[in-house]
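In: Need a 3D model of the sequence below.
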Amino acid sequence: MKQISLILIFVALLFFMIVVIRNRTTHNAFTKGDDRKNMLMTLLGQNSAEESGVSLGAKLIRRVNENIFKIKHVFVADNLYGLVKRLVIPLLFVIVVEAMNLKFLHFPSVPIAIVLTPVSYIFWYKLLLKKRKKVFEVDFTESISSINGAISSGRTFLQAMDDYSRNNSNKLAKEFGIITRRLNFGDSPEVVFLDSWKVYPYKEYYFFIVAILLNINSGGRLREVLGKLQRSLANNTAMEKKMLTLTSEMRMASKITGAIPFFFLILLKFISEDNFNFIFEDPRGNMLLYYLLGSVGFGTIVIKFLMRKI
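Out: All right, here's what the predicted structure looks like:
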């Protein structure tokens, strides 16, 4: 049992390492909040340097608060039922796995719960984050088209945003309504749009904010800029769909290949329990288990590294 607990801990560490490698190899200047903010302030001709007197502890606390803010906006729903559902689904998954384990596999329950609970919430967070990004892309493309059409008909940008927020009920429309009200109350456009960008920290929205603020501060043809942004969004969406189509077979094959050893390991419990017990209880069988985890884990890391741009 002790060896099984160590194996589960090893799997958890391996998963954490995969997440860290994924994040470090795919980040760039437009995925860093401070970099975007500094670049934005530079474009506006304002001072973007950080205060030299800020301590490391204060910076760390600020970074933690920013991460909590991002997680909150992913899990928070429009109603109490949606919020409870998003928080409970990973826990229900852990309970189901524990029940199946107690009935069929008889692995130690405590290590499984300790490892599986944070892993399930991380996976669930990633799924919600991806879903939120897809919803944003659809709503944002629609909003750009609506705002650009309103500006072409003679409406001001602020009036166009207000029209979109009144005629639509999605979350982006609500955010545009908040922006409109704050600007009407006299808040600084830089502060208003930077606060809005924290809610939607996506590069498309960042370019939209840059275009708006540059137009406010230095003037320009906003309709043409929004038109180019709209065409760029459409091209990026088409290219992404084409890329996913071309790589779908490879991605599915890698997932199936990685799942096959674990599937047959569970199947072994029912077709040959003696061999199953040999793998988990005998030191010689543990070597096979270590080889399985090591080979699958190493292969997963290699695939994630090769497909980090996809």
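In: From Lys242, how far off is Ser254?
Out: Ser254 sits at a distance of 20 Å from Lys242 (criterion: CB to CB, to the nearest Å). For glycine as for every other residue, the C-beta is placed from the backbone atoms N, C-alpha and C.
In: the more surrounded of these two?
Out: Ser254 (17 against 10; other CB atoms under 10 Å).
In: Can you name the next helix or strand after whatever helix or strand the more buried one lives in?
Out: Per DSSP states H and E: Ser254 is located in helix 222-271. Counting by DSSP H and E, the next helix or strand C-terminal to helix 222-271 is helix 273-281.
In: can you pull the buried residues of that next one?
Out: Neighbour counts over helix 273-281 (16 or more other CB atoms under 10 Å) mark 276, 279-280 as buried.
In: so what does that helix touch, helix or strand wise?
Out: helix 222-271, helix 283-306 (3 or more CB pairs under 8 Å, 6 or more residues apart in numbering; DSSP states H and E).
In: and the angle from that helix to helix 283-306?
Out: Angle, helix 273-281 to helix 283-306, by axes from the mean of the first three to the mean of the last three CA atoms, to 10 degrees: 70 degrees.
In: Identify the residues contacting helix 273-281?
Out: 3-4, 265, 268-269, 284-286, 288-289 (CB atoms under 8 Å, 6 or more residues apart in numbering).
In: same check, this time on stretch 124-138
Out: By CB under 8 Å, 6+ apart, the surrounding residues in contact with stretch 124-138 are 71, 73-75, 86, 89-90, 170-172, 200, 202, 204-205, 233, 237.
In: got the CA positions of it in CSV?
Out: The C-alpha coordinates for stretch 124-138 follow below in CSV (Å, rounded to 0.1, in the frame of the first residue of the first chain):
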residue,chain,number,x,y,z
TRP,A,124,-12.3,21.4,-14.6
TYR,A,125,-10.8,24.9,-14.4
LYS,A,126,-9.0,24.4,-17.8
LEU,A,127,-12.3,23.2,-19.4
LEU,A,128,-14.2,26.2,-18.1
LEU,A,129,-11.4,28.5,-19.2
LYS,A,130,-11.5,27.1,-22.7
LYS,A,131,-15.3,27.3,-22.8
ARG,A,132,-15.2,30.9,-21.6
LYS,A,133,-12.6,31.8,-24.3
LYS,A,134,-14.8,30.3,-27.0
VAL,A,135,-17.9,32.1,-25.8
PHE,A,136,-15.9,35.3,-25.7
GLU,A,137,-14.6,34.9,-29.3
VAL,A,138,-18.1,34.4,-30.6
